[in-house]
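> sequence and predicted structure are below.
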Amino acid sequence: MRAIPAGSDLELRPVRLEDAETLFGAVERNRERLGRWLEWATPEYCLNDMHRFLEEKEEENRAGVALTMGIWSEETLCGAIGLHRFVERHRSSSIGYWVDGGHEGRGIVTRACRAIVSEGFSERGLHRIEIRCATGNERSAAIAKRLGFVHEGVLRDAEWLHDHWVDLNVFSMLEHNWAL
């Protein structure tokens, strides 16, 4: 599986089990920040969980049923992004992503999203890609808007996040609306 360029200093590379410690280190440094929006980022999340995650994602990548990539900025692994399991019949998927706080605010996630959306439409045959984020997650909503995704609405109490329900914004992009 090949890397996907996302600018002169940014590249998406298939996740690998050997990157577990590096990715887990980023989770450790950002656990509180990530835990605000991501249900898996709990105090109990450990290196073994990261190993299981990467093994599963490597297999999904090999099988071509999803696409999970590490975000590499100038040879530093600074986060992850993925197209969740493809819904083959509907040619659709959704994007998940996170980045180390030390790399936030530099356009990295926007460029990574642009690259993975282009990959999804041009190489994976997708027709529709969604970004779903909690209504309070303004940074993720800004990425969807910046990329021209259409805000379709809010799913009320759509996700259980640690100890409470959150509403989710739903943004979508269709292949014929995407400017490569």
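Received, thanks.
> which of the helices or strands spans the closest residue in space to residue 149 that isn't next to it in sequence?
The spatial neighbour of residue 149 that comes closest, neighbours along the chain excluded (C-beta to C-beta, 6 or more residues apart in numbering), is residue 171 at 3.7 Å. Any C-beta I mention is one placed from the backbone N, CA and C, and that applies to glycine too. Using DSSP states H and E, residue 171 falls within strand 164-174.
> can I get that strand as CSV, trimmed to CA atoms?
Only the C-alpha atoms of strand 164-174 are listed here, as CSV (Å, rounded to 0.1, in the frame of the first residue of the first chain):
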residue,chain,number,x,y,z
HIS,A,164,-23.2,11.8,28.7
TRP,A,165,-24.9,12.1,25.3
VAL,A,166,-23.7,14.4,22.6
ASP,A,167,-25.3,15.8,19.5
LEU,A,168,-23.4,15.2,16.3
ASN,A,169,-23.1,17.6,13.4
VAL,A,170,-23.3,15.7,10.1
PHE,A,171,-21.3,17.1,7.1
SER,A,172,-21.1,15.4,3.7
MET,A,173,-19.3,15.6,0.4
LEU,A,174,-20.4,13.9,-2.8
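> distance from that strand to the middle of the chain?
Its chain's C-alpha centre lies 14 Å from the corresponding centre of strand 164-174 when counted by C-alpha atoms, centre = their mean, to the nearest Å.
> can you check stretch 51-61 too?
Centre-to-centre, stretch 51-61 and its host chain are 14 Å apart (C-alpha atoms, centre = their mean).
> which residues touch it?
Here stretch 51-61 makes contact (C-beta atoms under 8 Å, 6 or more residues apart in numbering) with 1, 14-17, 19-20, 23, 66-68, 82, 85.
> any chance of the residues you listed in JSON lines, with neighbour count too?
Output for the contacts of stretch 51-61, formatted as JSON lines (neighbours: other C-beta atoms under 10 Å):
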{"residue": "1", "neighbour count": "12"}
{"residue": "14", "neighbour count": "17"}
{"residue": "15", "neighbour count": "26"}
{"residue": "16", "neighbour count": "14"}
{"residue": "17", "neighbour count": "12"}
{"residue": "19", "neighbour count": "17"}
{"residue": "20", "neighbour count": "19"}
{"residue": "23", "neighbour count": "22"}
{"residue": "66", "neighbour count": "18"}
{"residue": "67", "neighbour count": "27"}
{"residue": "68", "neighbour count": "21"}
{"residue": "82", "neighbour count": "21"}
{"residue": "85", "neighbour count": "13"}
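> the strand holding residue 171 pairs with which strands, and in what direction?
Partner strands for strand 164-174, per DSSP bridges, with pairing direction: strand 128-134 (antiparallel), strand 150-161 (antiparallel).
> the residue nearest to residue 149: neighbour count?
Residue 171: 24 surrounding residues under other C-beta atoms under 10 Å.
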